[in-house]
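[1] model this:
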Amino acid sequence: MNPVANCADYPHISVVIPTSGRASLLRAVESALAQEEVQVEVLAVVNNTDTLPSFDDPRVRVIDARATPGQGPARQMGVESASAKIIALLDDDDYWDPRKCIEQIRDVQKFTSTHSDGWIAATGLTIHYPDGRQALRPRTNNVPVLTRRPEEYLFLRKTLRRVDNFIQSSSLLFPKSLAVLIPFNKLPEVCTDWGWVIEANRNADCQIIIGAGHRTHYDISLPGVSKTNRTPQILAWADYMLSDKSRRIMGDFCATTPLQVTANFGDLKGALMVLRHAYSKGRPGLPATLMAGRSFLRCLKAYIATSK
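    Predicted structure coming up:
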C-alpha cells in the first residue's frame, strides 16, 4: 500500500478495473493502491459473476455492473462513477509497476498540460507468456514517443518483426472528459483499446504519448475474450475503424493481426477470408505481405496437424 497516497499535493487518479471476479483481481488492485506520488481511488466494476468482492481499503469501491454485461459498458460505468479528472484503465489480469502512473503524468507534461482534454498516455508493456517467457513492447522505449496518427503507429509494418508498437488497455491514462465525449460502451467489443484510441483521436485530435519504460505487465497466460477466435468481428472492426485511412494501413492490419489469429487456431478457411479482405479492401506493403505468407504457412501446418 502507498503510505503517502493521501498527500493533497499529488495528482488524483481514478483506476477503473472491469472484472469478472478472477483471482488475479487482488493483484491488480494491490498494484493500483501501491502507486507512488499519486492519490488513487480504485473502482472495481463487477460483471459476469455471481458474487461481489470486498476490500478493506477505503480507497476501493466495488460497482455492481452485473445487469450490464460487457467490458465496454463496465469501463464506462467506472469512468462515469470516478471522482478524479484523470482515469487509468487496468484489466483484472494485469498489473503495474509502482511508478507507472506518476511517470506517465510526467511524460504527458513534457508535451502538454494534464489539465487539457486532448491527450492519451500509454506505457510500454512487459508481456508475460504461459511458459514463463517475457517480451517487451516496444523493444526499445528509452524516451517518450509522441504521435497524432495512432493507426500508423500501431499497424503500418516497416520490418519483418512481429508487432512491436503496441497499445494495450491496462496501460492507458487519459482525461475523464475524453471518455465522456467518446464512451467505451458505444464501440465494438473487439480491439476496444485500439478502437477507443483511434476514435478519440479522430474526434478530439489527441496527442498520443507512449511513455518511456515498460511499466505495465500484460499477462496473456489467463483465459479471456482476446484469446478466442473472433476473426470475422476483427475484420468488421477494421472496416468500421480504418475505412477512412490509407489502403496501406488497412492492408497491413488485415495481413497481420487477424491473420495471426487464424494461424493460432489453425483456421484455414478464416485465413483465406482474411487474405481476400486484405487485398480487396487494402494494399499491404512488402513487409506485411511477407509476414502474411509466414502466418499462412503456420496456419496451414496447424490445420494439417489437427486434421490427421
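[2] what sits up against stretch 238-257?
    Residues outside stretch 238-257 that contact it (Cβ atoms under 8 Å, 6 or more residues apart in numbering): 151-152, 155-157, 163, 188, 191, 194-195, 198-199, 234-235, 258, 274-275, 277-279, 281-285, 287-289, 291-292, 295. C-beta coordinates here come from the backbone N, C-alpha and C atoms, glycine included.
[3] May I see the PyMOL selection of the buried members of those residues?
    Buried subset of the contacts of stretch 238-257, written as a PyMOL selection, criterion 16 or more other Cβ atoms under 10 Å:
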select buried, resi 151+152+155+156+157+191+194+195+198+199+234+235+258+274+275+277+278+279+281+282+283+284+285+287+288+289+291+292+295
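[4] Mark which of the contacts of stretch 238-257 are part of helices, please.
    151-152, 155, 194-195, 198-199, 234-235, 258, 274-275, 277-279, 281, 287-289, 291-292, 295 (DSSP state H).
[5] gap between Pro73 and Arg137?
    Separation of Pro73 from Arg137 (Cβ to Cβ, to the nearest Å): 28 Å.
[6] now Asp94, nearest residue through space, not along the chain?
    Nearest residue to Asp94 in three dimensions, chain neighbours excluded: Ser170, at 4.0 Å (Cβ to Cβ, 6 or more residues apart in numbering).
[7] ok, so what distance separates that neighbour from Pro232?
    Going from Ser170 to Pro232 by Cβ to Cβ gives 26 Å.
[8] More neighbours: these two, which one.
    Ser170 (25 against 14; other Cβ atoms under 10 Å).
[9] ok, now which ones touch the more buried one?
    Contacts of Ser170 by Cβ under 8 Å, 6+ apart are 89-91, 94, 96, 216, 218.
[10] mind running it again at 7 Å?
    89-91, 94, 216, 218 (Cβ atoms under 7 Å, 6 or more residues apart in numbering).
[11] Format the residues you listed as a markdown table; extra columns: distance to Arg59.
    Putting these into a markdown table (distance: Cβ to Cβ, whole Å) gives the following:
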| residue | distance to Arg59 |
| --- | --- |
| Leu89 | 17 |
| Leu90 | 14 |
| Asp91 | 19 |
| Asp94 | 19 |
| Thr216 | 20 |
| Tyr218 | 24 |
